[in-house]
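In: After the sequence you'll find the predicted model.
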Amino acid sequence: MATRITITDSGQTQVLNGPLAPDTPDNSLQRITDVYFAKKVVTDDGTRVSFTKIDSAHVQQDQQNQAIPYDSILGKTVYLVIETSNMTDLSIDAVIRPSANTLTNNTDTLQLMRFVSPDRYEAQRLFTVQVGNFDALKNNQGSHTHYGNLQSDHINKAIIKLQLRPDGRAIFDEWTERLAEGVINLEVAVERTDNNPCAYKDGQEEINGAGIFLNDDTGRFRVVNKNIYTIHHGSNTYNTLTVINPDPEKRRRIQKVVNNHSTDIIYFYYDQNDNEHRICSRPKVSVTRKRRVNAVPPLAQRGDLSQTIDFTANRAAGEQIDAHQLLVYTNGTLGDGATDKWYANQPGNVDLVDMDILANDGVGPQIFEAFNYNQNGVIIRYGFQHTRRRSIQPDSFAGFLGSLAQFRQEGHTHYIVSQGFSYSDASCYPSAEHVNGEAGDLNLLTTQENGVNTILSAANFDYENQVILRNILYDFGFESGRSENFSNTSNASTDDDVTTRLPHTTHTATPRHNNHLHVHGFTPISDIYA
């Protein structure tokens, strides 16, 4: 008698005893050879698809090529791939369960969200899938015919697309609270739906019952808590977010998974072919909201002085920073410059992330490179000049990253340089609109493409590409902006020979907006449970 495991209709596994199946020749065994979680890899201009394993034996790397000590994140979309031989068209049952009770307080099988159609994920505990069925690879038009290698390369695979989350926010919060800073290993049990025997891995005989995968040190699937942003290229047909304009079709491009028990944020970008790019990880910091007010309160009403941020060295080195210093008090921030401005605390907090990922400590008027992601055909490069206002809201940062990625993928090689968003305390001397990381200024694009700033009427102003960038920023959520009415007969473009203005902007000449593009009014990003 041999011990075997079977999957019941409830999705649970049960240990039974039963006879071994009779021996059959190896080359005729019906076999489940491997089961693994994977990400999709698309090549040849979107015509070929393959899968890359994501587990402890196939460690992923971050944007700095450092090993990532986990494989996936609660709430993330992944593929579950079941490789077989001699089983085409047969159905397989699969369940996923935690290896310990630190996620759900038990090790019962998990109810997760399965992709069932381009506009729907369904909560399932028992995943039944047919070998050689490719419904999991359908795009938002319900098609996968653009992949020309499905029959040749994947006919012996059963593929499930799912999200590592339950169907309700309350249960998700319970999971994340239990997991906290820990790691949970997920393992998979599979068997034939018809309960007939098959072989598992490199077993030499077909047996009744289930096979267990990802349950030993040859490969574990390690899952953690993080906040997730998923950002889609505008031409990505696997973007299934809400349609906001039917003709031509336009969808929301960004979604997030809010994790209330982590301060880490991972930004993922999905290019035009739906390849996944792990762009960066940033910690979010919660600070008190600010608003610029006209009256500077007397010293006695400002509260205790908690921090002084001095820009003397920066200004002496040639940085055109308006603030001499910031005095952060209990009740607000005093910006000390040509005139004093008070940023009063407001009810509630706002989350900010530091955009200055490379964190160059130098001073001076030069451009300080803040980030340069360059992997697998996606480039996101930006810097800062004449500003230390380098904090932004996490939603807006997702839109900024997506805009720069798509702009570069469309063939534009301009270096994008910012004149700042807000300071780390959410103030923004001397501006009012930049508070709380809500707005930012970008150097105008030039024909030299090197990030050095210009003005709207200069001969080197690159009007056509500036319009393209502004429209992409709009599509990713920056719905409002400020510039000036202008005309320019000295540059190569003829479209700005008569008075015009950059799209999606308001004419604002006090203060002057002829030497930068100001963007704000970012559309809030919906949580996946919204």
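Out: All right, it came through fine.
In: tell me which helix or strand of the protein sits lowest on mean pLDDT?
Out: Least confident helix or strand, the chain: strand 13-18 with a mean of 57, by mean pLDDT, DSSP states H and E.
In: could you point out which element follows that one?
Out: strand 31-43 (DSSP states H and E).
In: State the mean pLDDT of the next helix or strand after that following strand.
Out: Later in the chain than strand 31-43, the nearest helix or strand by DSSP H and E is strand 48-53. The pLDDT scores in strand 48-53 average 98.
In: Provide the strand pairings for the helix or strand that strand 48-53 is followed by, with the direction of each partner.
Out: Once the chain leaves strand 48-53, the next helix or strand it forms, by DSSP H and E, is strand 72-73. Note on strand 72-73: by DSSP bridges, its sheet partners are strand 219-224 (parallel).
In: How far off centre is the partner strand?
Out: Chain-centre distance of strand 219-224: 20 Å, with Cα atoms, centre = their mean, to the nearest Å.
In: and what of stretch 464-471?
Out: Centre to centre, stretch against its chain (Cα atoms, centre = their mean), the figure for stretch 464-471 is 24 Å.
In: Flag every buried residue along that stretch.
Out: 465, 466, 467, 468, 469, 470 (16 or more other Cβ atoms under 10 Å). Bear in mind the C-beta positions are built from the backbone N, C-alpha and C, glycine included.
In: Of those, which belong to helices?
Out: Among the buried residues of stretch 464-471, the members found in helices (DSSP state H) are 465, 466, 467, 468, 469, 470.
In: Tabulate those in CSV, adding columns for distance to residue 259.
Out: Converted to CSV, those look like this (distance: Cβ to Cβ, whole Å):
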residue, distance to residue 259
465, 37
466, 37
467, 38
468, 35
469, 32
470, 33
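In: wait, which of those residues is closest to residue 284?
Out: Of all these, residue 284 sits closest to residue 469, with 26.3 Å by Cβ to Cβ.
In: Test for you: state the pLDDT assigned to the closest one.
Out: 98.
In: Nearest residue to it in space, please, no chain neighbours.
Out: Nearest residue to residue 469, sequence neighbours excluded (Cβ to Cβ, 6 or more residues apart in numbering): residue 407, at 5.5 Å.
In: quick one: average confidence on the helix or strand hosting that neighbour?
Out: Assignment of secondary structure by DSSP H and E places residue 407 within helix 394-409. For helix 394-409, mean pLDDT rounds to 98.
In: Ok, stretch 294-310 next?
Out: On average, stretch 294-310 scores 97.
In: just the buried residues of stretch 464-471 now: which is nearest residue 264?
Out: Nearest member of these to residue 264, counting by Cβ to Cβ, is residue 469, at 29.5 Å.
In: For that closest one, which residues are in contact?
Out: By Cβ atoms under 8 Å, 6 or more residues apart in numbering, residue 469 lies in contact with 403, 407, 412, 414, 416, 445, 517.
In: Help me confirm that the last one is found in a strand?
Out: This points to residue 517. Yes. Residue 517: assigned to a strand according to DSSP: H, G, I helix; E, B strand; the rest coil.
In: Leaving out sequence neighbours, find the closest residue to it.
Out: Closest to residue 517 by Cβ to Cβ, 6+ apart is residue 442, at 4.7 Å.
In: now that neighbour, what's its secondary structure?
Out: With three-state DSSP as the criterion, residue 442 was assigned strand.
In: What's opposite it in the beta bridge?
Out: Here residue 442, judged by DSSP bridges, has bridge partners residue 418, residue 517.
In: do residue 220 as well
Out: residue 215.
In: Next one: it from residue 243, what distance?
Out: 39 Å (Cβ to Cβ, to the nearest Å).
In: Comparing these two, which residue is more hemmed in?
Out: residue 220 (18 against 14; other Cβ atoms under 10 Å).
In: how about that one, what does it touch?
Out: Contacts of residue 220 (Cβ under 8 Å, 6+ apart): 55, 56, 71, 99, 185, 187, 214.
In: so the fifth one sits right up against residue 99, yeah?
Out: It stands for residue 185. Yes. Using Cβ atoms under 8 Å, residue 185 is in contact with residue 99, at 4.1 Å.
In: who touches both of those two?
Out: Contacts common to residue 185 and residue 99, judged by Cβ under 8 Å, 6+ apart, are 215, 220.
In: who has more neighbours, the two?
Out: residue 185 (19 against 16).
In: and the more buried one, what is it in contact with?
Out: With Cβ under 8 Å, 6+ apart, residue 185 has these contacts: 98, 99, 100, 214, 215, 220, 221, 222, 223.
In: now the residues you listed: which count as buried?
Out: Buried, going by 16+ other Cβ under 10 Å: 98, 99, 214, 215, 220, 221, 222, 223, out of the contacts of residue 185.
In: Helices along the stretch 51-200 of the chain, start to end?
Out: In the stretch 51-200 of the chain, the helices defined using DSSP state H, counting those that start in this stretch lie at 150-154, 169-179.
In: Can you tell me which of those is nearest to residue 120?
Out: helix 169-179 (17.9 Å).
In: ok now do residue 244, which residues does it touch?
Out: Per Cβ under 8 Å, 6+ apart, neighbours of residue 244: 250, 251, 252.
In: Name every strand pairing with the helix or strand hosting it and say which way it goes.
Out: In this structure, residue 244 sits in strand 243-246 according to DSSP H and E. According to DSSP bridges, strand 243-246 forms sheet pairs with strand 249-251 (antiparallel).
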